[in-house]
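Chemist: following is a predicted model, sequence given first.
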Amino acid sequence: MSYFKHHVFFCCNQRQPGESCCNDHKASELQTYAKERTAALGLKGKGSVRVNKAGCLGRCDDGPVIVVYPDNVWYTYVDKEDIDEIIDSHLMQGRVVQRLRLPEDAA
């Protein structure tokens, strides 16, 4: 069994101006929001959820992106409402949010 039920990585990479990157889409701000919201919901810690910043996850052209392990589900998002939906549906209820899911063949 894994230490965390879900480990969520937000690509927070910052590239040179003119190059596509997740941090240009408020990735760091929304990662902080997700971390605080999961804690407020009592989902933080061993056996539950860990939300981390990551460097480049290699999918910045699809971005902004997050990946949820061990499910290996990649998402894109726009705002706090999208993050809330991922937390509420995927992390709490185990239901993948299909409308935000990135195609697997793009990985």
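Modeler: That came in fine, so what should we check first? Numbers count the residues shown, from 1 in each chain.
Chemist: quick check: P103 vs V51, distance?
Modeler: Here P103 is placed at a distance of 23 Å from V51 (CB to CB, to the nearest Å). In short, each C-beta sits where N, CA and C put it, glycine included.
Chemist: the two: who's more crowded?
Modeler: Neighbour totals were compared for P103 and V51, and V51 leads with 26 against 8 (other CB atoms under 10 Å).
Chemist: which one is the more buried one nearest to, not counting chain neighbours?
Modeler: Leaving out its chain neighbours, the residue that sits closest to V51 by CB to CB, 6 or more residues apart in numbering is K35, at 4.2 Å.
Chemist: tell me, how many neighbours does that neighbour end up with?
Modeler: 18.
Chemist: relative to G94, how far out is it?
Modeler: As judged by CB to CB, K35 and G94 stand 20 Å apart.
Chemist: same check on K5?
Modeler: K5 sits 10 Å away from G94 when distances are taken as CB to CB.
Chemist: the more surrounded of these two?
Modeler: K5 (16 against 10).
Chemist: surely the more buried one is in contact with G45?
Modeler: No - using CB atoms under 8 Å as the test, K5 is too far from G45 to be in contact (10.0 Å).
Chemist: ok, which stretches of the protein are strands?
Modeler: Assigned by DSSP state E, the chain shows strands spanning 6-11, 49-54, 65-69, 73-76.
Chemist: closest one to A27 among these?
Modeler: strand 6-11 (5.5 Å; CB to CB).
Chemist: how close does the residue nearest to V51 get to F9?
Modeler: Per CB to CB, K35 is found 12 Å from F9.
Chemist: report the distance from stretch 39-53 to the chain centre.
Modeler: Chain-centre distance of stretch 39-53: 13 Å, with CA atoms, centre = their mean, to the nearest Å.
Chemist: before we move on, what about stretch 49-67?
Modeler: Its chain's average C-alpha position is 6 Å from that of stretch 49-67, according to CA atoms, centre = their mean.
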